[in-house]
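J.: 3D, please:
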Amino acid sequence: MAHLLLHYILLTIAMTIFGGVYGYFILFPANIKRFYERNSFDQRNKFVNNITQVMSAPSITVYVVLNDMIDLYSGEFKERLIVLVSQLSDASTDEYHEYFQQFASYYDKDVIFTQYIDILETSSVEGTNNLESLKKTTTFHNDIKTFRNMLVENKNRALKYAKAGHSLILLLIIACHFRIEPITFENYLKYFSHHPIGWGVSIFYLFGVLHTMTHFMKTYFDDDVLEVDM
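T.: Numbering: from 1, shown residues only. Down below sits the predicted model:
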């Protein structure tokens, strides 16, 4: 884009290096983080739905449910769940609180999930299933997942429109490089690319694109819904 606007090799090289650095150090980590957080949320949502479904059975305990369902999950969530079950196997009442809260602290931004863990802790200590509370909290978490999915779809659609708009502008710039009277490549270089007015317009445009895309990408990679920064 910079080369098509101004036709300066040094500027083109500088913008290419900047784009590579920005992509590697900003966009690439953000994409990995988004994938990790989305997978983690899906694991938690699967967890609350599975637990609530099984807890409807009479005389079943939280510990038994947790222990029997470990293999249904994967990744870091499964590893943390294994640790929790191991800790609960011979824990006292006071230790139950400590271990459940430690597990919940890994996901403290997901306030609905932490509430669900609190209910499980209460059920473990009191020997009850608190099924209605579990069902309500599960419904809330499912609603959040639905909204997150809608949000992701809308942002993907917005990204597609942004790419289309950017491509259209690029095509218009390329068109100026062909002999379309009275615009010719020679006139384009003389009166725009190598002219102070062209420099000003191009720099303003490039910074505008950078600012807009930076803000858009920050929003694009943020899928938090009803989550709180602690």
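
J.: Tell me where this protein has helices.
T.: Assigned by DSSP state H, the chain shows helices spanning 2-6, 9-22, 28-55, 62-68, 75-88, 93-105, 111-126, 131-175, 185-188, 196-220.

J.: Before we move on, what's the pLDDT of the residue nearest to residue 44 when sequence neighbours are not counted?
T.: Nearest residue to residue 44 in three dimensions, chain neighbours excluded: residue 113, at 5.0 Å (CB to CB, 6 or more residues apart in numbering). C-beta here means a position set from N, CA and C on the backbone, and glycine is covered the same way. Turning to residue 113, the model gives it a pLDDT of 97.

J.: Next: residue 137.
T.: At residue 137, pLDDT is 97.

J.: Count the residues that sit near it.
T.: Burial of residue 137, expressed as a neighbour count using other CB atoms under 10 Å, amounts to 21.

J.: Identify the residues contacting it.
T.: Residue 137 sits next to 48, 112, 115, 116, 119 when contact means CB atoms under 8 Å, 6 or more residues apart in numbering.

J.: And residue 45, by the same measure?
T.: Here residue 45 is in contact with 141, 142, 145 (CB under 8 Å, 6+ apart).

J.: what does residue 124 give?
T.: Counting by CB under 8 Å, 6+ apart, residue 124 touches 61, 62, 63, 88, 96, 100.

J.: ok, so of the contacts of residue 137, who is nearest residue 157?
T.: residue 112 (26.5 Å; CB to CB).

J.: Top of the contacts of residue 45 by number of neighbours, please.
T.: Of the contacts of residue 45, residue 141 is surrounded by the most neighbours, 23 neighbours in total, counting by other CB under 10 Å.

J.: What does the pLDDT read for that residue?
T.: Predicted confidence (pLDDT) for residue 141: 97.

J.: Among the contacts of residue 137, which pair sits farthest apart?
T.: So, the contacts of residue 137 by CB to CB: farthest apart are 112 and 119, at 10.8 Å.

J.: pLDDT below threshold where in the chain?
T.: 1-6, 176-184, 188, 191, 225-230 (pLDDT under 70).

J.: one more time with 50, if that's ok
T.: Applying pLDDT under 50 to the chain flags residues 228-230.

J.: Centre-most residue in the chain?
T.: residue 34 (3.4 Å; CA atoms, centre = their mean).

J.: who's in contact with it?
T.: Counting by CB under 8 Å, 6+ apart, residue 34 touches 221, 223.

J.: how near is residue 195 to residue 202?
T.: Distance, residue 195 to residue 202, using CB to CB, to the nearest Å: 10 Å.

J.: higher neighbour count, those two?
T.: residue 202 (20 against 13).

J.: State the distance from the more buried one to residue 190.
T.: Using CB to CB, residue 202 is found at 15 Å from residue 190.

J.: what residues are up against residue 223?
T.: Contact analysis of residue 223 by CB under 8 Å, 6+ apart lists 34, 37, 38, 41, 148, 151, 152.

J.: roughly how far apart are the residue nearest to the centre of the chain and residue 216?
T.: 14 Å.

J.: next one: residue 23
T.: 15 Å.

J.: Equivalent analysis for residue 170, please.
T.: Note on residue 170: its distance to residue 216, by CB to CB, is 17 Å.
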